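Engineer: Everything below, folded, please.
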Amino acid sequence: MNILVIGRGGREHAILWSLKRSDKVKQLYCAPGNAGTAQIAENVDIGEFEFDKLVQFSLDNAIDLVVVGPDDPLAAGIVDVFEAAKVPVYGPRKNAAEIEGSKIFMKNLLKKYDIPTAKYETFTDYETAAAYLREQAIPIVIKADGLAAGKGVTVCFTREQAEEALRDTMVDKSFGAAGDKVVIEEFLEGQEMSILAFVDGETVRPMTAAQDHKPAYDGDKGPNTGGMGTYSPLPHIPQSIIDESIETIIKPTAKAMVAEGRPFRGVLYAGLMITKDGPKTIEFNARFGDPETQVVLPRLKTDLVDIFLASINGRLHDIDISWSDEAAVCVILASGGYPGSYAKGLPISGLDEAAADALVFHAGTAEKDGEIVTSGGRVLGIVGRGADIAAARANAYAAADRVQFEGKMNRTDIAAKALVRV
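Structural biologist: Below you'll find the predicted structure:
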């Protein structure tokens, strides 16, 4: 098979790595890709939103399957475009991708079908939102309605912080048009958990659970990012809680989407909080998570191509999906200043040394004059594997220490929660 993966980040590198393991794959392409994807696929200089060019490339190169990685093109209807051209594509259609594209749509869906989530109100007018905010208890959460590269959510621990976050979002447009509407949501306290699932209509095949680390700095301090590291499995969270999340949140949401005439086909990602009242929904994403994918797919034993094809052909219910008992920990190496402004074009050393004992998934990298340089905020995902979280974590950090570039920053406490609570 000839397969095209659309995207340029660590998630897409991990997807390509997993697809490369299949004996069904003849040729892999990535559009536009990065310096890492170029090592296992042929990068194609076409952007994620150049739909017509992507379709034409697929037709010209006899592409048998297209896999869409990022959220933005999914929300813009890229799957509908490929389907209209009769090119097999894996991912949700535009009307289903709205579960991520609009937090207001997602919250209203959960409310309508009585699926556990935080209490909330939605606003389109700043003054009305500000008046409501003044009456609410603190902490509280301010969310831009639209897509904001994983950064449109602010957890506010003081009233001043909440007022500033609302003003930044709705008035100063820190997240652009994504902040024209906002969700003001009660603060949920507990342990976070991510469960990704392969979904085809009402058929749900959960992946192994993972945990992300959104804040930029150790101890969950600092601004939210796209994710600073992940690990899987979650030895400190009982399987009964994971099962409850699947049965009370993910499966009912898949059924709700069918009932709404928006059947979901693709990867449905549930961001959850385990509260004293049980698991509740923080968010839904309509694609593989980043960097969750980097620790989940290395544990997948079933051929990923088989899963994609079964879902496209409405046979996901026939697939048995198995997972390795091995643990995986991903440490993100980021550019200094991220998630704010940062330099680009800085040479990276130590990649081969890191790859000797870990998986190195590229995100914000490029090739320049024969060397690999930084080109984004999150630069690399270093994934250590081992018999348990402690071993995988040690391997990840040992490999991460071998990689150097000016201004390199990373959290030093990824997966520490699992070790404390085991």
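
Engineer: Could I get the average pLDDT for stretch 181-194?
Structural biologist: Here stretch 181-194 scores 93 as its mean pLDDT.

Engineer: From start to finish, how long is it in a straight line?
Structural biologist: 25 Å (C-alpha to C-alpha, to the nearest Å).

Engineer: how about Gly152, what does it touch?
Structural biologist: Taking C-beta atoms under 8 Å, 6 or more residues apart in numbering, we find Gly152 in contact with 143-144, 146, 169, 175, 178-179. All C-beta atoms are positioned from the backbone trio N, CA, C, and that covers glycine.

Engineer: Inside helices: which ones of those residues?
Structural biologist: Thr169 (DSSP state H).

Engineer: could I get the contacts of Gly152 as a markdown table with neighbour count and distance to Leu196?
Structural biologist: Putting these into a markdown table (neighbours: other C-beta atoms under 10 Å; distance: C-beta to C-beta, whole Å) gives the following:
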| residue | neighbour count | distance to Leu196 |
| --- | --- | --- |
| Lys143 | 27 | 21 |
| Ala144 | 26 | 23 |
| Gly146 | 21 | 22 |
| Thr169 | 26 | 27 |
| Phe175 | 22 | 24 |
| Ala178 | 22 | 23 |
| Gly179 | 23 | 27 |
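
Engineer: Just the ones of the contacts of Gly152 in strands?
Structural biologist: Those of the contacts of Gly152 mapping onto strands are 143-144, per DSSP state E.

Engineer: Between the contacts of Gly152, which sits nearest Lys214?
Structural biologist: Lys143 (12.9 Å; C-beta to C-beta).

Engineer: Might you report the residue contacts of that closest one?
Structural biologist: Remark: with contacts taken as C-beta under 8 Å, 6+ apart, Lys143 is in contact with 103, 152-154, 182-185.

Engineer: Give me the pLDDT for Leu147.
Structural biologist: For Leu147, pLDDT reads 87.

Engineer: Please report phi then psi for it.
Structural biologist: phi -70, psi 140 (degrees, to the nearest 10).

Engineer: okay, now it: neighbour count?
Structural biologist: Close neighbours of Leu147, defined as other C-beta atoms under 10 Å, add up to 24.

Engineer: Next one: it from Asn108, what distance?
Structural biologist: The spacing between Leu147 and Asn108, counted by C-beta to C-beta, to the nearest Å, is 17 Å.

Engineer: Please apply the same query to Glu406.
Structural biologist: Glu406 is 46 Å from Asn108, by C-beta to C-beta.

Engineer: Those two: which has the busier surroundings?
Structural biologist: Asn108 (14 against 11).

Engineer: contacting residues around stretch 213-225?
Structural biologist: Taking C-beta under 8 Å, 6+ apart as the rule, stretch 213-225 contacts 150-151, 153-155, 227-230, 334, 338-340, 377-378, 411-414.

Engineer: just the buried members of these?
Structural biologist: 150-151, 153-155, 227-230, 334, 338-339, 377-378, 411, 413-414 (16 or more other C-beta atoms under 10 Å).

Engineer: chain center to stretch 369-379, what's the gap?
Structural biologist: With C-alpha atoms, centre = their mean, to the nearest Å as the basis, stretch 369-379 stands 21 Å off its chain's centre.

Engineer: hang on, I meant stretch 259-270
Structural biologist: Taking mean C-alpha positions (C-alpha atoms, centre = their mean), stretch 259-270 and its chain are 16 Å apart.

Engineer: Please apply the same query to stretch 351-366.
Structural biologist: 19 Å.

Engineer: Buried residues in it, which are they?
Structural biologist: 351, 354-355, 358-366.

Engineer: distance of Leu419 from Gly386?
Structural biologist: 13 Å.

Engineer: Quick check: neighbours shared by the two?
Structural biologist: Arg393.

Engineer: In which helix or strand does Asp352 reside?
Structural biologist: helix 351-355 (DSSP states H and E).

Engineer: Quick one: list the elements packing against that helix.
Structural biologist: Packing partners of helix 351-355 (3 or more C-beta pairs under 8 Å, 6 or more residues apart in numbering; DSSP states H and E): helix 389-402.

Engineer: Could I get the average pLDDT for the helix or strand just after the helix it packs on?
Structural biologist: Toward the C-terminal end, the helix or strand that comes next after helix 389-402 (DSSP H and E) is helix 416-421. Across helix 416-421, the average pLDDT comes to 83.

Engineer: Would you mind listing the buried residues in stretch 159-167?
Structural biologist: 161-162, 165-166.

Engineer: any residues touching it, and which ones?
Structural biologist: Contacts for stretch 159-167 (C-beta under 8 Å, 6+ apart): 126, 129-130, 133-134, 136, 138, 140, 142, 154, 156, 182, 184.

Engineer: and Asn43, what does it touch?
Structural biologist: Each residue near Asn43 by C-beta under 8 Å, 6+ apart is listed here: 29-34, 37.

Engineer: Repeat that for Leu110.
Structural biologist: Applying C-beta under 8 Å, 6+ apart, we find Leu110 in contact with 116-117, 253, 256, 281.

Engineer: In strands only, show me the residues you listed.
Structural biologist: Thr281.
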